[in-house]
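1. From the sequence below, what's the structure:
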Amino acid sequence: MAQGGNNRSRLLLVILLVTSLFLITLDLRGISLTSTSRSATQSFLAPVQRSVSNFFSPVNNFFSDIKNFGKTKAQLKDAQAANAKLKAQVIINQDIQGQLTQLRDVLDLAGRGKLSVVSGRVIGRGSTSTFSQTITIDVGSRSGVTKDMSVIANGGLVGAVKSVTSNSAVVLLMSDPTFRVGVRLAKTQSAGVLLGQGDGSYVLQLLDPSGTIKVGQVLVTLGSDNNRPFVPGIPVGRVVAVDKSTASLTQQATVVGLTNLNNVGVVSVITKAAVKNPKDSLIPTPKPTVTVFVTAPPVTSPSGVPTPGQTPSPSPSPSATRSVQ
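-> Got it, this is the predicted structure:
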């Protein structure tokens, strides 16, 4: 039994020696069984690896998305906050631009009338204690504002100062039903009284029985004693309709204000009137309309030579007429 085991061991040793010599001989001749086996193994396993990778790829992406979800959500919130901030800034810039435009126009009006003014922003509308139509501005007694001063905007009269604190003032708007202001028809001496109606329209009652009201006429303030509450010559409104009823004891007309009181954001309080009455110099003038005429070219013959007697005379072309505002 022991003899059989020794024989098998010797046989195995011989086989190993022969195999080693065979491999060494192949290696010396440049034949590599190892590389060939490896290449064959890779060729066999490559499709399997691709299948396994394709199978587990969605799973890996899913867990990767879960991992990055919190980060992406935070980035989205940051982007939304930045977008909201930009939108708010755009609105603020537009508001500032509108205020600057109104301030420029009202200062231009005051400059043409040689009026001393204090400008302020509208910071409130309406009154909590009354039903009167008012606005609150951010200038008061510290800026030289006192009660019964005229208040103007880019289009003309806005109202009169009703009450004052150190840093603010309440202005009674000319649209208030209790508001009354003496006015004069521009370019005439016919005087009247303008009454607020609670909206953008007003009623003019002409005090001059011999005067005549015409549609399109502009009204300016008549002025008060010591220029309180109204200085003279401030544009007020424009006549849009005349009441021809014979039942009225005085001539009446419907007037539309030159200032849109709903859109006023910046106003100026007149702290000192001009030395001289500006009369009609502050009345807004319409921008001129320029009409352009186009002259047709001469009529030519097929050879290109102008045909005598067939040159059309210059005439306005309706399609070429434009208005320059």
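
2. now the end-to-end length of stretch 153-160.
-> Terminal residues of stretch 153-160 lie 12 Å apart, using Cα to Cα, to the nearest Å.

3. what comes up buried for it?
-> Residues of stretch 153-160 classed as buried by neighbour count (16 or more other Cβ atoms under 10 Å): 153-160. Where C-beta positions appear, they are placed from N, C-alpha and C, glycine not excepted.

4. Rounded mean pLDDT for that stretch, please.
-> Stretch 153-160 shows an average pLDDT of 95 in the prediction.

5. what comes into contact with that stretch?
-> Contacts of stretch 153-160 with the rest of the structure, by Cβ atoms under 8 Å, 6 or more residues apart in numbering, involve 101-102, 105-106, 108-109, 134-135, 148-152, 171-174, 176, 179, 181, 221, 229-230, 234-237, 257-261, 264, 266-268, 282, 284.

6. same question, stretch 236-248
-> By Cβ under 8 Å, 6+ apart, the list of residues contacting stretch 236-248 reads 156-157, 174, 181, 183, 194, 201-202, 204, 213-221, 251-258.

7. Could you identify the buried members of those residues?
-> Buried members of these, scored by 16+ other Cβ under 10 Å, are 156-157, 174, 181, 183, 194, 202, 204, 213, 217-221, 251-255, 257-258.

8. In strands, which of the residues you listed fall?
-> Among those, the members falling in strands (DSSP state E) are 157, 181, 183, 194, 202, 204, 218-221, 252-255, 257.

9. from those, which single one is nearest residue 85?
-> Taking Cβ to Cβ as the measure, residue 85 lies nearest residue 257 of these, at 38.1 Å.

10. Skipping its backbone neighbours, what lies nearest that closest one in space?
-> residue 237 (4.7 Å; Cβ to Cβ, 6 or more residues apart in numbering).

11. pLDDT on the helix or strand hosting that neighbour, on average?
-> Assigned by DSSP states H and E, residue 237 falls within strand 235-243. The average pLDDT within strand 235-243 is 95.

12. okay, that strand in CSV with CA atoms only?
-> Extracted as CSV, the C-alpha positions of strand 235-243 are listed here (Å, rounded to 0.1, in the frame of the first residue of the first chain):
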residue,chain,number,x,y,z
PRO,A,235,-52.0,125.9,-14.3
VAL,A,236,-55.1,124.1,-13.0
GLY,A,237,-57.1,122.4,-15.7
ARG,A,238,-58.6,122.4,-19.2
VAL,A,239,-62.2,123.0,-20.3
VAL,A,240,-63.6,119.9,-22.0
ALA,A,241,-67.4,120.8,-22.1
VAL,A,242,-69.5,123.9,-21.7
ASP,A,243,-72.9,123.8,-20.1
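
13. Got the domain ranges for the chain?
-> According to automatic domain parsing, the chain comprises the domains 2-64, 116-272.

14. which stretch among the ones you listed comes nearest residue 97?
-> Of all the domains of the chain, domain 116-272 sits nearest to residue 97, with 10.9 Å by Cβ to Cβ.

15. now the end-to-end length of the closest one.
-> Chord length of domain 116-272, first to last residue, is 5 Å (Cα to Cα).

16. so which strand or helix has the residue lying closest to residue 132 once chain neighbours are set aside?
-> Nearest non-adjacent residue to residue 132, counting by Cβ to Cβ, 6+ apart: residue 176, 5.3 Å away. Here residue 176, judged by DSSP H and E, is contained in no helix and no strand.

17. Now for residue 176, how many residues are close by?
-> 20 (other Cβ atoms under 10 Å).

18. for residue 25, same thing?
-> 10.

19. gap between residue 219 and residue 237?
-> 5 Å (Cβ to Cβ, to the nearest Å).

20. List the residues that are in contact with both of the two.
-> By Cβ under 8 Å, 6+ apart, the residues touching both residue 219 and residue 237 are 194, 255.

21. ok, which stretches of this structure are helices?
-> In the chain, the segments counted as helices under DSSP state H are 2-28, 33-112.

22. which stretches of this protein aren't confidently modelled?
-> Where the chain drops to pLDDT under 70, the residues are 1-5, 22-24, 26-70, 95, 127-131, 246-248, 286-325.
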